[in-house]
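A.B. asks: Whatever this is, show me its structure:
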Amino acid sequence: MRRVGSTPQERGSAGNHSCPDIFQLASGDFLVVGDVISPSLASRLVADEGGSIGASELAVVVSRSCMLDAAGELAARPWRWRALTAGLIFATCFLVGLAITL
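C.D. replies: Numbers count the residues shown, from 1 in each chain. Predicted coordinates for the structure are as follows:
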């Protein structure tokens, strides 16, 4: 697993426990850390665009700076990553299913 983009501290975070982050797993999939939004709000927002959130999925919000930083790194080094577009990265981050145990 490796971080994609800069660290939260490099993006101006003062703390270590409340920051969005994006990692690429060995499988090539992405793990996204963000603020979980309520299931009802997430369902409404996603449904407005014709999407859905599965029973095992959570919608998370990631800051624009975190997303753009990660997308910039992926675009700058395409030979190191599977073929992904910025749109796919955005969709993955917004609709990612995370199994979070708090």
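
A.B. asks: what's across from Ile22 in the sheet?
C.D. replies: Val32 (DSSP bridges).

A.B. asks: ok, now how distant is it from Val32?
C.D. replies: Distance, Ile22 to Val32, using C-beta to C-beta, to the nearest Å: 6 Å. Where C-beta positions appear, they are placed from N, C-alpha and C, glycine not excepted.

A.B. asks: cool, Gln24 as well?
C.D. replies: Look at Gln24 and Val32: by C-beta to C-beta, they are 10 Å apart.

A.B. asks: More neighbours: these two, which one.
C.D. replies: The residue with more neighbours, out of Gln24 and Val32, is Val32; 24 against 20, by other C-beta atoms under 10 Å.

A.B. asks: Was I right to think the more buried one contacts Val62?
C.D. replies: Yes: with contact defined as C-beta atoms under 8 Å, Val32 counts as touching Val62 (6.0 Å).

A.B. asks: What are the buried residues along the helix ranked longest in the chain?
C.D. replies: The longest helix of the chain (DSSP state H) is helix 64-76. Buried residues in helix 64-76, defined by neighbour count with 16 or more other C-beta atoms under 10 Å: Cys66, Met67, Asp69, Ala70, Ala71, Glu73, Leu74.

A.B. asks: If we only consider those, which is nearest to Gly54?
C.D. replies: Nearest to Gly54, judged by C-beta to C-beta, of the buried residues of helix 64-76 is Met67 at 21.8 Å.

A.B. asks: Neighbours of Gly28, how many?
C.D. replies: When neighbours are counted by other C-beta under 10 Å, Gly28 comes out with 9.

A.B. asks: cool, Ser40 as well?
C.D. replies: 8.

A.B. asks: So Val46: helix, strand or coil?
C.D. replies: helix (DSSP: H, G, I helix; E, B strand; the rest coil).

A.B. asks: Tell me, what's the model's pLDDT at it?
C.D. replies: Per-residue confidence for Val46 comes out at a pLDDT of 90.
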